[in-house]
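Asker: Requesting a structural model of the entry that follows:
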Amino acid sequence: MVDFPVFPDFSQRVPLPSSVFFLTHLLLLLQPGELNSEEVRVVGPGEPILALVGEEVEFSCHLLPYLDAEDMEIRWFRSQTSDVVHLYEGGRELQSRQMAQFRNRTKLIKDYIVDGSVNLQLRGIIPDDEGLYGCRFLSSNFSREAVWELEVAGLGSDPHISLESFKKGGVQLRCSSSGWYPKPQAQWKDHKGQCLPPEMEAIVQDARGLFNLETSVVVQGGSHSNVSCSIQNSLLLQKKEFTIQIAEKLQTELDWRRAEGQAEWRAAQQYAVDVTLDPASAHHSLEVSEDGKSVSSCTAVPGPVVGDPQRFSEQTCVLSCQRFSAGRHYWEVHVGRRSRWFLGVCLASVPRLGPGHLSPANGYWVMGLWNRCEYFILDPHRIALTLRVPPRRVGIFLDWEAGKLSFFNASDGSHIFTFTHPFSGTLCAYFRPRAHDGGEHPDPLTICPLPVRRTCLLLTEEDETDTWLQPYEPSDPTLGLW
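Answerer: Got it, this is the predicted structure:
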């Protein structure tokens, strides 16, 4: 008996193995036409992105599961889909559809677009870029998007500390910095790390949306203390700090002011003129020297005057013989250690008003000293002047056409103050020594010969090396000045 092989009957259905069924089902799912659109989603940045002003940020978006997005519309938008940041459609980038703010600032990276992954670069970040962003993928059978937030921060310039003036018995310092975002926080600290309350703080936003800061503080006490100014960005948790040694800063600032003032002072000296006093114009209480170069008071006032300045109704002054109605003119007056004086110019035709009217509005442009250490001008009200080195000699420069009258400390060559006022009449030099207060130095006001000789330079070594000279500021603004 012969055995014959038995073949299966293919007309009958035979179940396929389970593994073959699974593979077939998976292949069907991967066919785009058969994909359930509800299963597609867009994945963008998972949390807020922080970008620095002026730098570049990159947004990434991709489809999940991975699909070819080359023929889709991919729209990057700001807050809402109609605010187009960048648009890819029909295989092209449509830059004409962009918001003006983003033109020429974006670049689409589509190296992996067939896998549904794209990136967008945004260059030159500015504060206005801050806000919500999104990307949307649109095909014939689905539309999905992802949204995230962009935060913007700017780390500003290094703080700069400058010496402003002597004030309230201390030194006024100013700290400035620019280019911050969002609004920064400033803090002053002394050498012990203790916080100092600011005297002033101003934070303004410029046209670029960045914040510029200025703050000042008055530092009391010794001149050798360290003071720091720090400015912090709360978003970046970073700060910039600058520390100065006050005594060193004082010397640097003084050297700069001297250099600037001395250049202007030297330029003014080339217009030196010979000025003499007119005895006929002198008040009866004044004594003018025979050569017309000095004037002093014949009467004395005991002690510092602290009463009502308006009670002096007469001007105890003397004018120059010379009249100025054009040109440039420079002269110097030795004031020595007098505790009270006024110097400047006035209109030759001005009436002799009371001392409370010595202002440009009434034809007087003068600088004064009162009670040994209160330097000031009247324009029209009293404006205190900060002079680190007391002038023993004062230079006065009149530029009639420019409408300027400048005062210089000829003891160290520094500039003191400049009046700017259009002159419209004949001027003459004005001198008012005021009554001697009984002090140790009853020096007359003396017009120095020019070119200047050392006999007029009476600044001692002690004065030159003093690093903490400052004017006295009375607590009562009504104290007498006359």
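
Asker: Arg123 reaches Arg103, doesn't it?
Answerer: No: contact criterion Cβ atoms under 8 Å: Arg123 and Arg103 do not qualify, at 11.4 Å. Just so you know, the C-beta spots here come from the backbone N, C-alpha and C atoms, and that holds for glycine as well.

Asker: Please say which of those two ends up with more neighbours.
Answerer: Arg123 (14 against 11; other Cβ atoms under 10 Å).

Asker: who's in contact with the more buried one?
Answerer: 56, 105-107 (Cβ atoms under 8 Å, 6 or more residues apart in numbering).

Asker: What ranges does the stretch 151-300 of the chain have for its helices?
Answerer: Taking DSSP state H, counting those that start in this stretch as the test, the helices found in the stretch 151-300 of the chain are 246-269.

Asker: Map the structural domains onto the sequence of this protein.
Answerer: Segmentation of the chain into domains, based on automatic domain parsing, reads 38-153, 160-249, 270-465.

Asker: Rebuild the ones you listed as CSV, extending it with mean pLDDT.
Answerer: Formatted as CSV, these follow (pLDDT from 0 to 100):
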stretch, mean pLDDT
domain 38-153, 95
domain 160-249, 88
domain 270-465, 79
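
Asker: CSV please, covering those domains and showing distance to Glu264.
Answerer: What follows is the domains of the chain, written out as CSV (distance: least, Cβ to Cβ, whole Å):
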stretch, distance to Glu264
domain 38-153, 39
domain 160-249, 20
domain 270-465, 6
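
Asker: Out of those, which is closest to Ala259?
Answerer: In terms of Cβ to Cβ, the element of the domains of the chain nearest to Ala259 is domain 270-465, at 8.8 Å.

Asker: burial of the closest residue to Pro391 other than its chain neighbours, as a residue count?
Answerer: Of all residues not flanking Pro391 in the chain, Asn409 sits nearest, at 4.1 Å (Cβ to Cβ, 6 or more residues apart in numbering). Using other Cβ under 10 Å, Asn409 is surrounded by 24 other residues.

Asker: Equivalent analysis for Leu64, please.
Answerer: When neighbours are counted by other Cβ under 10 Å, Leu64 comes out with 13.

Asker: same thing with the one 3 residues further on?
Answerer: Using other Cβ under 10 Å as the criterion, Leu67 is surrounded by 19 other residues.

Asker: Give me the nearest residue to it, chain neighbours excluded.
Answerer: Gly116 (4.6 Å).

Asker: quick one: the one you found from Pro45, how far?
Answerer: 16 Å (Cβ to Cβ, to the nearest Å).

Asker: Which of those two has more residues huddled nearby?
Answerer: The neighbour count for Gly116 versus Pro45, taken as other Cβ under 10 Å, is higher for Gly116 (22 against 18).

Asker: dump the residue contacts of that one.
Answerer: Gly116 touches 62-64, 66-69, 137, counting by Cβ under 8 Å, 6+ apart.

Asker: Over to it: give its phi and psi.
Answerer: Main-chain dihedrals, Gly116, degrees, to the nearest 10: phi 80, psi 20.

Asker: now Tyr271
Answerer: phi -100, psi 30.

Asker: That one contacts Trp331, correct?
Answerer: No: using Cβ under 8 Å, Tyr271 is not in contact with Trp331, being 9.4 Å away.

Asker: between those two, which one's more packed in?
Answerer: Set Tyr271 next to Trp331 and count neighbours by other Cβ under 10 Å: Trp331 wins out with 22 against 15.

Asker: what's the more buried one in contact with, if anything?
Answerer: Trp331 touches 272-273, 275, 395-396, 429, 447-448, 450, counting by Cβ under 8 Å, 6+ apart.

Asker: quick one: which of those is nearest to Ala263?
Answerer: Gly395 (13.3 Å).

Asker: In terms of helix, strand or coil, where does that closest one fall?
Answerer: Following DSSP: H, G, I helix; E, B strand; the rest coil, the label given to Gly395 is strand.

Asker: Once you drop chain neighbours, what's closest to Cys195?
Answerer: Lys189 is the one closest to Cys195 (Cβ to Cβ, 6+ apart), at 5.8 Å.

Asker: so the residue most central in space within the chain bridges to which residues?
Answerer: When Cα atoms, centre = their mean is applied to the chain, the residue found nearest the centroid is Ser176 (4.9 Å). Under DSSP bridges, the beta-bridge partners of Ser176 are His160, Glu214.

Asker: and the contacts of Arg123, which two are the farthest apart?
Answerer: Glu56 and Thr106 (10.5 Å).

Asker: Count residues in the vicinity of Gly425, would you?
Answerer: Neighbour number of Gly425 under other Cβ under 10 Å is 13.

Asker: State the distance from the residue lying closest to it once chain neighbours are set aside to Ala402.
Answerer: Distances taken as Cβ to Cβ, 6+ apart put Leu347 closest to Gly425, at 4.9 Å, once the chain neighbours are dropped. Going from Leu347 to Ala402 by Cβ to Cβ gives 17 Å.

Asker: pretty sure the residue nearest to Gly425 contacts Ala429?
Answerer: No: using Cβ under 8 Å, Leu347 is not in contact with Ala429; the gap is 11.9 Å.
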